[in-house]
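Trainee: here you go, sequence then predicted model.
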Amino acid sequence: VQLVESGGGLVQPGGSLRLSCAVSGFTLDEYAVGWFRQAPGKTREVVACITSSEPSTYYADSVKGRFTISRDIARNTVFLQMTSLKFEDTAVYYCALSTTSNGRFDMWGQGTQVTVSS
């Protein structure tokens, strides 16, 4: 099992980035995937999730209306489109997959740095 994030970088406030999470070993239509982030000195927090079926999505209040999670089943890749980026979005972003019955995310990528700075 492998989750590999990409797409992070340096962006100015108000800018956009698209993160990708390439998943191998699991098919996305069977497992939920989430994006999380951890800023320096802060605990990791959930940003957005997409379920295996339907699928349905969840967003943290801090990113609603600005971030969009989506997936490409054929490419087994999950995306996080981030727009109107703010200084406080600066963090390491991780994607994670849940194989557990209680929904806990137990498979993690290595993370990608997003820095919002002028």
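Mentor: Looks like it arrived, so ask away.

Trainee: distance of the spatially most central residue of the chain relative to T90?
Mentor: In the chain, the centroid-proximal residue (C-alpha atoms, centre = their mean) is W35; its distance is 2.5 Å. Taking C-beta to C-beta, to the nearest Å as the measure, W35 falls 15 Å from T90. C-beta: built from backbone N, CA, C; applies to glycine.

Trainee: repeat for E45
Mentor: Distance, E45 to T90, using C-beta to C-beta: 13 Å.

Trainee: over to I69?
Mentor: From I69 to T90 the distance is 19 Å (C-beta to C-beta).

Trainee: so for those two, which residue has more residues nearby?
Mentor: More crowded of I69 and T90, by other C-beta atoms under 10 Å: I69, with 23 against 17.

Trainee: give me the pLDDT value at the more buried one.
Mentor: I69 is assigned a predicted lDDT (pLDDT) of 98.

Trainee: what is the helix or strand where it lies packed up against?
Mentor: For I69, the host element (DSSP states H and E) is strand 67-72. On a contact count with 3 or more C-beta pairs under 8 Å, 6 or more residues apart in numbering; DSSP states H and E, strand 67-72 meets strand 45-50, strand 57-59, strand 77-82.

Trainee: helices or strands next to the shortest one in the packing?
Mentor: In this structure, strand 57-59 makes packing contacts with strand 45-50, strand 67-72, judged by 3+ C-beta pairs under 8 Å, 6+ apart.

Trainee: what comes up buried for the first one?
Mentor: Buried residues in strand 45-50, counting neighbours by 16 or more other C-beta atoms under 10 Å, are found at 47-50.

Trainee: same check on the last one?
Mentor: Neighbour counts using 16+ other C-beta under 10 Å place 67, 69, 71 of strand 67-72 among the buried residues.

Trainee: from these, pick the one nearest D29.
Mentor: The nearest member of the buried residues of strand 67-72 to D29, counting by C-beta to C-beta, is R71 at 8.5 Å.
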